[in-house]
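>>> Any chance you could fold what I've pasted below:
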Amino acid sequence: MIIGRGMVATAFAPVWRDDRDVCILAAGVSNSREVDPAQFEREEVLVRSVLASDVRRVVYFGSCAVGNPNETESPYLIHKRRIEGLVIEDPRGRVLRLPQVVGHGGNPGTLTNFLSERISLGEYFEVWRNAERNLIDVDDVRALATHVIRSDGQYPRVVSLAAPISTPMLSIVHAMEESVGKAGNYGLLDKGAPFIIDADDCVRAAKDIGIGFDENYYRRVIAKYYSIS
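Model prediction:
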């Protein structure tokens with residue numbers, strides 16, 4: 001079964017909505033800038049209710065930022081770490097950490113949706129020159145997660161589903177400019193840090209099912225969902 005109605009839940013529905021043994025938790029706080037305690041409490045109540053049920057397995061989507069030593073602590077990260085802990089405390093629980101997931105629709109505040117809108121409208125934005133982000137296609141998230149969930153005992157209970165190398169923000173902006181067909185109106189700030197993710201387990205899963213994470217992966221993902229041609 002799937003709990004949620006967003007981009008990730010929609011992508012997982014064809015495979016998992018009728019499975020009564022596995023609960024995919026694709027609902028909750030997704031905005032990394034969230035500070036409202038009520039939003040965090042709502043997700044915690046949801047997770048606890050699922051863990052109190054008789055479902056055989058519970059899959060929770062965490063954040064790759066939780067494992068990144070360069071990320072500044074925030075209410076969002078503190079909350080995600082806590083919920084990950086609740087899930088892993090239960091022997092039925094598994095955490096799949098996600099980076100920036102790219103797909104049709106989704107939250108308007110996602111990185112790629114933000115860039116697409118700003119560039120398309122010619123609105124000014126700022127780019128952190130030293131920052132990196134990690135993009136992954138929502139269809140690949142579904143395929144990788146399905147493989148990991150169904151490969152009992154072959155993967156740890158916490159797996160980061162991410163490309164092996166994060167991409168500089170400026171490169172992401174350039175790829176979006178190419179897809180949108182318009183130059184962005186932005187300024188560069190000498191800020192940011194590498195986005196470090198241990199993606200070894202994801203790379204192993206990707207090899208098993210034929211997903212290629214080469215140096216142009218992020219360009220293909222952006223073009224798939226944002227190209228005007």
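>>> What number of residues are in the vicinity of Ala205?
When neighbours are counted by other CB atoms under 10 Å, Ala205 registers 22. From N, CA and C alone the C-beta is placed, and that goes for glycine too.
>>> from memory it sits against His147, does it?
Yes - taking contacts as CB atoms under 8 Å, Ala205 lies within contact range of His147: 5.2 Å.
>>> which residue sits farthest out from the middle of the chain?
No residue in the chain sits farther from the centre than Asp54, which is 27.3 Å out by CA atoms, centre = their mean.
>>> now it: how far from Glu43?
According to CB to CB, to the nearest Å, Asp54 and Glu43 sit 21 Å apart.
>>> can you check Ile197 too?
Counting by CB to CB, the gap from Ile197 to Glu43 is 22 Å.
>>> Which one's more surrounded, the two?
Between Ile197 and Glu43, counting by other CB under 10 Å, Ile197 is the more crowded of the two (22 against 19).
>>> what separates that one from Glu132, distance-wise?
When Ile197 is compared with Glu132 (using CB to CB), they lie 10 Å apart.
>>> Name the residues contacting each of these two.
Both Ile197 and Glu132 are in contact with Ser166, where contact means CB atoms under 8 Å, 6 or more residues apart in numbering.
>>> sorry, back to before: next one: the residue farthest from the centre of the chain, what pLDDT does it get?
pLDDT, Asp54: 94.
>>> Shouldn't it be within a strand?
No - counting by DSSP: H, G, I helix; E, B strand; the rest coil, Asp54 falls outside a strand, being coil.
>>> where exactly do the strands run in this protein?
Per DSSP state E, the chain carries strands over the ranges 2-3, 22-25, 57-63, 93-98, 100-102, 125-128, 132-133, 135-137, 158-160, 167-168, 186-189.
>>> And the fifth one, what does it pack against?
It stands for strand 100-102. helix 111-121, strand 135-137, helix 138-150, helix 217-226 (3 or more CB pairs under 8 Å, 6 or more residues apart in numbering; DSSP states H and E).
>>> quick one: contacts of that strand?
7-8, 110-112, 133-138, 141, 221-222, 224-225.
>>> repeat that for 7 Å
7-8, 110-112, 133-138, 141, 221-222, 225 (CB atoms under 7 Å, 6 or more residues apart in numbering).
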